[in-house]
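sequence and predicted structure below; questions after.
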Amino acid sequence: MREDSGEMPVEKRKSERLQVGIPIELKLGTGITRDCCIDGVFFETDQILSVGEQIEFVMKMEYAIKGDSSVNLRCQGEVVRVESGLEKMGVAVSITRHLFDAAPMA
């Protein structure tokens, strides 16, 4: 049996996370974010991913812009954690590169 040392766990996150559901497009599937911050994202997906895997994905930011234009956040990152769920896989990604891609107005 382990005794509680009374110490608080060390927070590894570098920035505050926002709980928001943003659609994600992956090469072989889709997902939706549970939370995200400037340098990471956690999302749920049907796609099977592994810790250490390098991935590319697009966060669809249509709701963020008024009018007919939309913005996509194109990201590259490394999978740092996976959680197997009953229906979906939870995936935590450390974002290593990102680029805002504004779609032209119609």
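Yep, that arrived.

use CA for all of it now, contacts and neighbours both
OK.

how close does the residue lying closest to residue 37 once chain neighbours are set aside get to residue 93?
Once flanking residues are discounted, residue 37 sits nearest to residue 17: 4.8 Å by CA to CA, 6 or more residues apart in numbering. In this structure, residue 17 and residue 93 are 13 Å apart, going by CA to CA, to the nearest Å.

what is the burial count for residue 49?
16 (other CA atoms under 10 Å).

does it count as helix, strand or coil?
For residue 49, the secondary structure call by DSSP: H, G, I helix; E, B strand; the rest coil comes out as coil.

list the residues that contact it.
Shown here is residue 49, whose contacts under the criterion CA atoms under 8 Å, 6 or more residues apart in numbering are 79, 82, 91.

per-residue confidence at residue 12?
Among the per-residue scores, residue 12 shows a pLDDT of 55.

ok, residue 27 next?
Residue 27 is assigned 91 on the pLDDT scale.

can you offset everything so residue one is 5?
Yep, numbering from 5; the last one is residue 31 now.

pLDDT score for the nearest residue to residue 27 once chain neighbours are set aside?
Excluding the flanking residues, the one nearest residue 27 by CA to CA, 6+ apart is residue 36, at 4.5 Å. Per-residue confidence (pLDDT) for residue 36: 94.

which helix or strand contains residue 36?
With elements taken from DSSP states H and E, the one containing residue 36 is strand 33-41.

distance between that strand and the chain's centre?
Counting by CA atoms, centre = their mean, to the nearest Å, strand 33-41 is centred 4 Å from the centre of its parent chain.

that one pairs with which strands, parallel or anti?
Its sheet considered, strand 33-41 pairs with strand 22-23 (antiparallel), strand 27-30 (antiparallel), strand 44-49 (antiparallel) by DSSP bridges.

residues in contact with that strand?
Contacts made with strand 33-41 from outside it, assessed by CA under 8 Å, 6+ apart, are listed as 19-29, 45-51.

where does this structure have low pLDDT?
5-19, 67-73, 106-110 (pLDDT under 70).
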